[in-house]
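Participant: my questions concern the predicted model and sequence given below.
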Amino acid sequence: MGYVADRWHKTRPTPGEPECGQHKGMVASAAHGKGKRWQARYDDPNGREVTSLWGTKAEAEREINKQESAKDSGSWLDPKAGRVTVERFALDTWLPAQSINGRSEVEYLGALRRYCFPEWGQREIRSIKPSEAGAWQKLLTTKYKLKGTYPNRVARYIRGLFRLAVIDRVIPVSPFEQIPAPAMDETAVQPPDVAEVKQLIAAATIDRWRTMLEVTALTGLRSGEIRGLRLARVDFLRRTMLVDQQLVHEKGKGLYFDELKTGAGLRTLPLNKRVIDLLAAYIERHPVPSSGPGAGLIFTMPAAGLIGESTIDYAIKSICKRAGVRPRHWHELRHHYASVLIAGGENPKVVQKRLGHKDVMTTLRTYSHLFAEAEERTRDVLDAAWAEPGEAGDAAESSADHRRTLHSTDDHRRTSKTESLETGGRIPESRPGSGVVAQLRG
């Protein structure tokens, strides 16, 4: 139990010491008249003494009662903990607590130094108000000119920082608690369809790029995953591929092999016969090197050199130009893979696992517009199941009419958008009679 101490007077005075001139019956201490007189003392939940100064004895007693009550209820906070600056808490506590690899740590640290520390770095973490939190989120777009998903991503990092401060009992509540996060302003992906991918493959004059293009389109591997693909990770008998590492570049470190960003990225992909045959034929033409930087890798530069991200980006831009199609990024082959799975009827959870997304919401957020055909199949199933005898045909025709109406509206919107854009890449899965769907059924 805590107690109140009188700083201005001695608890055990030596006999014969003079009496305090202001307070009868008491002996003045060396601190007499300096600062506040009353000191509240109590032990925190870990047994360490905590002290605070007050102007009156009643105030000190109220403080002790308040803190003892908070300890009993489990809501106690160290009054001094919130004095740590935002920068110190971020660097000393929040960043080390994140389960991330080196590249992600660089990304997190960059976001802190560019967008958080200039505004709040030297402020006590307890001093940040909800109104300031909302205003800071607005600065991400108005001052720092972030667009797309970046305002939400950066805000997510800083919101997590304050959430950890609450969990660690540094502050009682996060200033972001009642502040909505920035909207996810994502542009709908426009993946190349099968015909376009075949054009790119045909236009690739170098065997390495030609094979990598097709393998990526058939597996959905990320750029770093295909560049870091080892022969030992491909099981030709079971027709599977283990994805457990990627080739990355980091300033100051250069190219190196690293673990995947999330646990969900670690996955085993089922391979179709075409991929198996492609890889087997390529390895026969270009044996896997046993030494050098690219030892064990299926795809390398001459002399077993590693393939850099800029190299593969330049390669696909050159191939697009040669094929006469709009410029593409290598990552769009991954979107193509996802679009084919969705067009073939795979559910979002399966697509998530194949792509290695950390959660299904990431998949739905990225490809929601490609699931339109799945919605139509749901309507058809319900119409057929609940139709009265003899009405099944009418129900099917009604669903077909509904689809034609939707597609007609969709075509009108798409045509308008095409006129305003350099290229209006139509989502190939949006109509059952064209694009990927038709090519798959053909």
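Facilitator: On my side now, so go ahead.
Participant: buried residues in the helix or strand M361 falls within?
Facilitator: Using DSSP states H and E, M361 falls within helix 360-367. In terms of neighbour count (16 or more other C-beta atoms under 10 Å), helix 360-367 has its buried residues at V360, T362, T363, T366, Y367. In this view, the C-beta of every residue, glycine as well, is placed from N, C-alpha and C.
Participant: now these in CSV, with pLDDT and distance to R328?
Facilitator: Output for these, formatted as CSV (pLDDT from 0 to 100; distance: C-beta to C-beta, whole Å):
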residue, pLDDT, distance to R328
V360, 80, 26
T362, 80, 22
T363, 81, 21
T366, 78, 17
Y367, 77, 17
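Participant: between the residues you listed, which sits nearest R7?
Facilitator: T362 (58.3 Å; C-beta to C-beta).
Participant: and for the closest one, nearest residue in space, chain neighbours not counted?
Facilitator: Q352 (7.2 Å; C-beta to C-beta, 6 or more residues apart in numbering).
Participant: what comes into contact with stretch 45-56?
Facilitator: 7, 35-44, 60, 63, 67, 71, 76, 78-80 (C-beta atoms under 8 Å, 6 or more residues apart in numbering).
Participant: helix, strand or coil: sort out the spatially most central residue of the chain for me.
Facilitator: In the chain, the centroid-proximal residue (C-alpha atoms, centre = their mean) is R153; its distance is 6.8 Å. Under the three-state scheme (DSSP: H, G, I helix; E, B strand; the rest coil), R153 adopts helix.
Participant: next, the residue nearest to it when sequence neighbours are not counted: phi, psi?
Facilitator: Among residues not flanking R153 along the chain, A111 sits closest, at 7.8 Å (C-beta to C-beta, 6+ apart). In terms of degrees, to the nearest 10, the main-chain angles of A111 are phi -60, psi -40.
Participant: I'd guessed A111 sits against V154; true?
Facilitator: Yes: with contact defined as C-beta atoms under 8 Å, A111 counts as touching V154 (5.0 Å).
Participant: next, count neighbours for the residue nearest to S75 when sequence neighbours are not counted.
Facilitator: The shortest distance from S75 to any non-neighbouring residue, by C-beta to C-beta, 6+ apart, is to P172 (7.9 Å). For P172, the count of nearby residues is 11 (other C-beta atoms under 10 Å).
Participant: which ones are touching P172?
Facilitator: P172 makes contacts with S75, L77, V166, as judged by C-beta under 8 Å, 6+ apart.
Participant: so which residues of the stretch 101-250 of the chain form helices?
Facilitator: 102-111, 117-120, 130-142, 150-167, 194-203, 207-219, 223-227 (DSSP state H, counting those that start in this stretch).
Participant: which one of the ones you listed is the most hemmed in?
Facilitator: helix 223-227 (a mean of 24; mean count of other C-beta atoms under 10 Å).
Participant: now do that helix: everything it contacts.
Facilitator: Here helix 223-227 has contacts from 212, 215-216, 219, 243, 245-248, 260, 297, 299, 306-307, 309, 312, 330-331, using C-beta under 8 Å, 6+ apart.
Participant: now, of the residues you listed, which are buried?
Facilitator: Judged by neighbour count, with 16+ other C-beta under 10 Å as the criterion, the buried members of the contacts of helix 223-227 are 212, 215-216, 219, 243, 245-248, 260, 297, 299, 306-307, 312, 330.
Participant: contacts only, for T240.
Facilitator: Per C-beta under 8 Å, 6+ apart, neighbours of T240: V234, T268, L269, P270, L271.
Participant: pretty sure the last one sits against R239.
Facilitator: I take that to be L271. Yes: at 4.6 Å, L271 counts as touching R239 under the criterion of C-beta under 8 Å.
Participant: the two - which one has more neighbours?
Facilitator: L271 (21 against 14).
Participant: check contacts around the more buried one.
Facilitator: Applying C-beta under 8 Å, 6+ apart, the residues near L271 are L218, T219, V234, R239, T240, M241.
Participant: roughly how far does the last one sit from P289?
Facilitator: Translated: M241. As judged by C-beta to C-beta, to the nearest Å, M241 and P289 stand 19 Å apart.
Participant: who's more crowded, these two?
Facilitator: A direct count of neighbours by other C-beta under 10 Å for M241 and P289 places M241 higher, at 23 against 17.
Participant: burial of the nearest residue to L297 once chain neighbours are set aside, as a residue count?
Facilitator: Of all residues not flanking L297 in the chain, R230 sits nearest, at 5.8 Å (C-beta to C-beta, 6+ apart). R230 has 16 neighbours, counted by other C-beta under 10 Å.
Participant: now the angle between helix 207-219 and the helix or strand that contains I276, please.
Facilitator: Following DSSP H and E, one finds I276 within helix 273-285. On the basis of axes from the mean of the first three to the mean of the last three C-alpha atoms, to 10 degrees, helix 273-285 is oriented at 160 degrees to helix 207-219.
Participant: hang on, the earlier thing: and the gap between the residue nearest to R153 and R88?
Facilitator: With C-beta to C-beta as the criterion, A111 and R88 are 17 Å apart.
Participant: try I201
Facilitator: 53 Å.
Participant: any idea which of the buried ones among the contacts of helix 223-227 is least confident?
Facilitator: Ranked by pLDDT, those bottom out at L260 (79).
Participant: so where's the protein uncertain?
Facilitator: Residue ranges of the chain with pLDDT under 70: 186, 262, 371-381, 388-442.
Participant: what are the boundaries of the helices in the stretch 301-442 of the chain?
Facilitator: Under DSSP H, counting those that start in this stretch, the stretch 301-442 of the chain gives helices at 309-323, 331-343, 348-355, 360-367, 372-386, 392-420, 435-441.
Participant: buried stuff in the first one?
Facilitator: Looking back up the chat, that one is helix 309-323. Those would be I312, A315, I316, I319, C320, A323, for helix 309-323 by 16+ other C-beta under 10 Å.
Participant: residues in contact with that helix?
Facilitator: With C-beta under 8 Å, 6+ apart, helix 309-323 has contacts from 199-200, 202-206, 209, 212-213, 223-224, 227, 249, 301, 326-330.
Participant: got the contact list for the residue nearest to E214 when sequence neighbours are not counted?
Facilitator: The shortest distance from E214 to any non-neighbouring residue, by C-beta to C-beta, 6+ apart, is to I201 (5.4 Å). Neighbouring residues of I201 by C-beta under 8 Å, 6+ apart: R210, L213, E214.
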